[in-house]
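Visitor: Here is a sequence together with a model predicted from it:
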Amino acid sequence: MRDELGGLEAFLSVAEKRSFKAAAEELGVTRSAVSQTILQVEERLGVRLLQRTTRSVGLTEAGKRLYQGLKPAFADMRATLESLNELRSRPSGTLRLNVTSIAEDFLSERTLAEFLAEYPDIKLDILVDDSPSDIVQQGFDAGVRLGEVIDKDMVAISISGEQRQLVVGSPAYFAAHGKPRHPRELHAHACIGWRMANGAPYHWEFTEKGKDFELAIDARVNTNEKHLMLRLACDGAGLTIGMEDTFRSYIQRGELLPVLEDFCPPFAGFYLYYPSRAQIPLKLKALIQFLRKRARSRERRK
């Protein structure tokens, strides 16, 4: 029975990740061990579960059916096992989080280090990812995103104050090219834009007289690497856009200057979100309590 469960768990991991290598890393075994385990499962069941090529792994019809049946069953089993942590004196286990790269405060070393110090038996497995993510499908305990992009069926808890985007450039750039007075003047400026790894360039968003609008910027540089955007802007290569938290220290040091602030009003900030379930894992409860306590402390300092 134990071997069967282990084999099914290996299959579930390969099916979710579409990779023997990634599944082996998650399970803490070798790639060949995972491959052999899957072959044994297929032999016991008498059907082929995976389509293997040199570059990819896909599910057969039987594999899809088995995956759809196993996923909720294993999720319930994991939740039941996790609930046993309630009997312990301290939360423990690995907390898997999917976090947008622009959640600067959450991803700061101070926030994460303080949480780890307060809960020494909890481990963190954090994927920094800006693409649309199904945290349930991908096996995460929770995610951190701006409130506007979180699905309505998720439980969402505010973990930051209001946020806003800014357009910034270096003093040297503005000395050479002047400052735009309206977002539509950005077409006359060199711009450094952001894009997801496999997506179209981000349309810069602004608000005028209470109405939101977007601009498709013909940027000189587009990248999915936030720190490259920052370095280029600081070196005078052009204007860039991003979260105020990202730019705050650069603005304070005078390395970057904000423009078009009248067109960049604040909006609701970041939320920790997770699927609604009868029993929240103790390790996730610990993170929720920590972030709420931190938010109250921040409010008292204002």
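Guide: Alright, I've got the coordinates.

Visitor: where in the stretch 51-200 of the chain is pLDDT low?
Guide: 54, 79-89 (pLDDT under 70).

Visitor: same thing but at 90, please
Guide: Residue ranges of the stretch 51-200 of the chain with pLDDT under 90: 51-93, 101-110, 129-139, 147-154, 158-163, 195-200.

Visitor: now the helices for it?
Guide: For the stretch 51-200 of the chain, applying DSSP state H, counting those that start in this stretch gives helices covering 61-83, 104-107, 109-118, 171-177.

Visitor: Across the sheet, point out what pairs with the residue nearest in space to the middle of the chain.
Guide: Centroid-nearest residue in the chain, with C-alpha atoms, centre = their mean: residue 99, separated by 2.5 Å. For residue 99, the beta-bridge partners are residue 128, residue 144 (DSSP bridges).

Visitor: re earlier: what's the most buried one of the helices of the stretch 51-200 of the chain?
Guide: Of all the helices of the stretch 51-200 of the chain, helix 104-107 has the most neighbours on average by mean count of other C-beta atoms under 10 Å, namely a mean of 19. Backbone N, C-alpha and C define where each C-beta goes, glycine included.

Visitor: Just give the closest residue to residue 245, not the sequence neighbours.
Guide: Nearest non-adjacent residue to residue 245, counting by C-beta to C-beta, 6 or more residues apart in numbering: residue 104, 4.1 Å away.

Visitor: List the contacts of residue 229.
Guide: Residues in contact with residue 229 (C-beta atoms under 8 Å, 6 or more residues apart in numbering) are 192, 193, 194, 221, 223, 240, 242.

Visitor: if I look at the residue nearest to the second one when sequence neighbours are not counted, how far off is residue 154?
Guide: Spatial nearest neighbour of residue 193, chain neighbours left out: residue 219 (3.5 Å); criterion: C-beta to C-beta, 6+ apart. Distance of residue 219 to residue 154, computed by C-beta to C-beta, to the nearest Å: 32 Å.

Visitor: Looking at those two, which has the bigger crowd around it?
Guide: Set side by side, residue 219 and residue 154 show more neighbours around residue 219, with 23 against 17, by other C-beta atoms under 10 Å.
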